[in-house]
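S.K.: Sharing a model that was predicted from the sequence below.
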Number of protein chains: 2
Amino acid sequence: MSSVRHEDHRSTGGNRRRGRRAGGEETRRALLTAARAAFAENGYDGATVRDIARRAGVDPAMVRHWFGSKERLFTAAVSLPLEPARLLPGLLDGPRERLGERVLGTFLRTWDEAGGGEFTALVRSVSDREEAGRMLREFLTSTLLEPLLRELRADRTDLRAALCASQLVGLGMIRYVIRLSPLDEADVETVTRTMAPTVQHYLTGDLENR
Amino acid sequence: MSSVRHEDHRSTGGNRRRGRRAGGEETRRALLTAARAAFAENGYDGATVRDIARRAGVDPAMVRHWFGSKERLFTAAVSLPLEPARLLPGLLDGPRERLGERVLGTFLRTWDEAGGGEFTALVRSVSDREEAGRMLREFLTSTLLEPLLRELRADRTDLRAALCASQLVGLGMIRYVIRLSPLDEADVETVTRTMAPTVQHYLTGDLENR
């Protein structure tokens, strides 16, 4: 991924100075550790790239070099294989009445490719630690679903985001964690077709009357 | 709860014989431990009251005395505040087109009363251990949703049960674990009204067309 990846600090014979900028894979690991601490303390919105870089003892440019953006650093830090900046255009591109299909298809393909184990790890970290819950909360709302709903000029974006999240997270629980047949092994197209009306309703439907 | 609860085995001065039937609270704890092991090894359906009692070194009648039934022993063993035998009649009693409301209302009232922490504990045990996932899977399907769907003479009971479970478990995740506003604090009636069409559709609707 980078020409500095294999730089070997062990060759300095243990005389590395404290505060010296670590290179390569070491920098990446230091940034992930610092990011987890910063997100845990200040939440997704409160944590800054500058602060994370400072904690890791590296230049803020390293965040861009290794992760590209704060979102991608977060997803790497919590093993979340979802990248809002890359997902949003694809979700918005297409007929509005098929948005539910696109959201479900994207969710399923992303986690299916990750093998499902990442979802279980995420759920465990969320139920173990209050900070992880706050991070996921902010990620789902501030970073992904609310921007999507704002682009759609939807009313009640907070309620719609929470309803949509409830169906997506529940699907992940049933497919990857609890593994309830037939939703655990059904192909992406079948699950999407069956559940799309629910997600579509939560995103664009009339929540008072149906 | 029982006149033998305060029986004190310490008065035997440490000379209790191995295999002697423990009384009171001790029996209850031994049954819970044996139940967790038996459910973990053989699943909900495979574990028998007789085997659980044998592992605990007590008479099978003690299960009825302390827990009333195998279902209630399971719910106590995994801290699941849901008792299918008591829930089913209430879910079936009323207009079929309002079944979604009753299922959601029952789910929310049960877990709200437990304070939500029990749901988090259940989720953690499910994501930590494969056996807990299997137990919850069997509980949701064999014990609660499939009997309900059979009473309704529904088609595709396995798919409907999994779809319904996905929305209920997802709601639990959002309300109690991730705590996403406004679904974390909205009153039971509001949440029920907003989500009932989804649960109703999964239980009784046409899954191919909508």
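M.R.: Now that the structure is in, tell me what you want to look at.

S.K.: Give the closest residue to the closest residue to chain B within chain A in space, chain neighbours not counted.
M.R.: The nearest approach of chain A to chain B comes at residue A:170, 2.0 Å away (Cβ to the nearest Cβ). All C-beta spots, glycine's among them, are computed from the backbone N, C-alpha and C. Leaving aside its chain neighbours, residue A:170 sits nearest to residue B:170 (2.0 Å; criterion: Cβ to Cβ, 6 or more residues apart in numbering or on different chains).

S.K.: From the chain's centroid, how far away is the host helix or strand of that neighbour?
M.R.: Element membership of residue B:170, judged by DSSP states H and E, is helix B:157-172. Its chain's average C-alpha position is 14 Å from that of helix B:157-172, according to Cα atoms, centre = their mean, to the nearest Å.

S.K.: Now do it: which elements does it pack against?
M.R.: helix A:157-172, helix A:188-204, helix B:99-114, helix B:146-151, helix B:188-204 (3 or more Cβ pairs under 8 Å, 6 or more residues apart in numbering or on different chains; DSSP states H and E).

S.K.: Just give me the neighbour total for the residue nearest to residue A:170.
M.R.: Residues lying near residue B:170 (other Cβ atoms under 10 Å in any protein chain shown) number 24.

S.K.: Over to residue A:111?
M.R.: By other Cβ under 10 Å, 22 other residues sit near residue A:111.

S.K.: For the nearest residue to it once chain neighbours are set aside, give me its contacts.
M.R.: Nearest residue to residue A:111 in three dimensions, chain neighbours excluded: residue A:119, at 5.2 Å (Cβ to Cβ, 6+ apart). Neighbouring residues of residue A:119 by Cβ atoms under 8 Å, 6 or more residues apart in numbering or on different chains: A:111, A:172, A:176-177.

S.K.: quick one on the thing from earlier: just name the most buried of the helices and strands packed on helix B:157-172.
M.R.: helix A:157-172 (a mean of 25; mean count of other Cβ atoms under 10 Å in any protein chain shown).

S.K.: Following the helix-or-strand element of chain A with minimal mean pLDDT in sequence, what is the next regular element?
M.R.: Every helix and strand in chain A was compared by mean pLDDT, DSSP states H and E; the lowest is helix A:117-128, with a mean of 71. Using DSSP H and E, the helix or strand that directly follows helix A:117-128 along the chain is helix A:130-138.

S.K.: Give me the residues contacting stretch A:92-101.
M.R.: Contacts with stretch A:92-101, where a contact means Cβ under 8 Å, 6+ apart, come from A:91, A:102, A:148, A:151-152, A:192-193, A:195-204.

S.K.: Let me see the domain layout of chain A.
M.R.: A:16-77, A:84-204 (automatic domain parsing).

S.K.: Format those domains as TSV; extra columns: distance to residue B:186.
M.R.: Output for the domains of chain A, formatted as TSV (distance: least, Cβ to Cβ, whole Å):
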stretch	distance to residue B:186
domain A:16-77	22
domain A:84-204	8
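
S.K.: Good, wrapping up.
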